[in-house]
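Predicted model, plus sequence, below.
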Amino acid sequence: MHKDELIQLHTLMAQIKKYFEYDKSCCDFNEYHSLSISPVHIHRSKAEHKHAIFVLGNELASIISDDEFSGTGRTSARMQELASRAGSEMVHSN
């Protein structure tokens, strides 16, 4: 994906995050917030946006999963794996 496409996806996922933050008080998105990146940070690298998307995707999937064996539970596990991989790519590219 190109950086602008990643930013568009990041924007969409951030809007979904806002829905959960507004609708449910249970959601804090600590790991995503610790990254200190949002879709409006267009100066940040493609790798940083990619990592943020996977971290946010993991947190969103965790919220909607009923158990670890559901489809969304597996999605959460996969997002965690992809977030780790993207994070290590960031370290190696800097």
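In hand now; what should we look at? Residues are numbered from 1 along each chain as shown.

for the chain, what spans make up the helices?
3-23, 30-34, 46-64, 71-93 (DSSP state H).

what is the orientation angle of the longest one with helix 46-64?
Helix 71-93 runs at 160 degrees relative to helix 46-64, counting by axes from the mean of the first three to the mean of the last three CA atoms, to 10 degrees.

Buried residues, helix 71-93. List them.
Thr72, Gly73, Thr75, Ser76, Met79, Gln80, Leu82, Ala83, Ala86, Gly87 (16 or more other CB atoms under 10 Å). No exception for glycine: its C-beta is placed from N, CA and C like everyone else's.

Render the CA-only coordinates of stretch 55-69 in PDB, please.
The C-alpha trace of stretch 55-69 is given here as PDB (Å, rounded to 0.1, in the frame of the first residue of the first chain):
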ATOM      1  CA  VAL A  55      -2.000  -2.000  16.900                       C
ATOM      2  CA  LEU A  56      -5.300  -0.300  16.500                       C
ATOM      3  CA  GLY A  57      -6.700  -3.200  14.600                       C
ATOM      4  CA  ASN A  58      -5.700  -5.600  17.300                       C
ATOM      5  CA  GLU A  59      -7.300  -3.500  20.000                       C
ATOM      6  CA  LEU A  60     -10.500  -3.100  17.900                       C
ATOM      7  CA  ALA A  61     -10.600  -6.900  17.200                       C
ATOM      8  CA  SER A  62     -10.100  -7.600  20.900                       C
ATOM      9  CA  ILE A  63     -13.100  -5.400  21.900                       C
ATOM     10  CA  ILE A  64     -15.400  -7.200  19.500                       C
ATOM     11  CA  SER A  65     -14.200 -10.800  20.000                       C
ATOM     12  CA  ASP A  66     -16.200 -13.100  22.100                       C
ATOM     13  CA  ASP A  67     -13.500 -15.600  22.700                       C
ATOM     14  CA  GLU A  68     -10.100 -16.500  21.300                       C
ATOM     15  CA  PHE A  69     -11.600 -19.200  19.000                       C
END
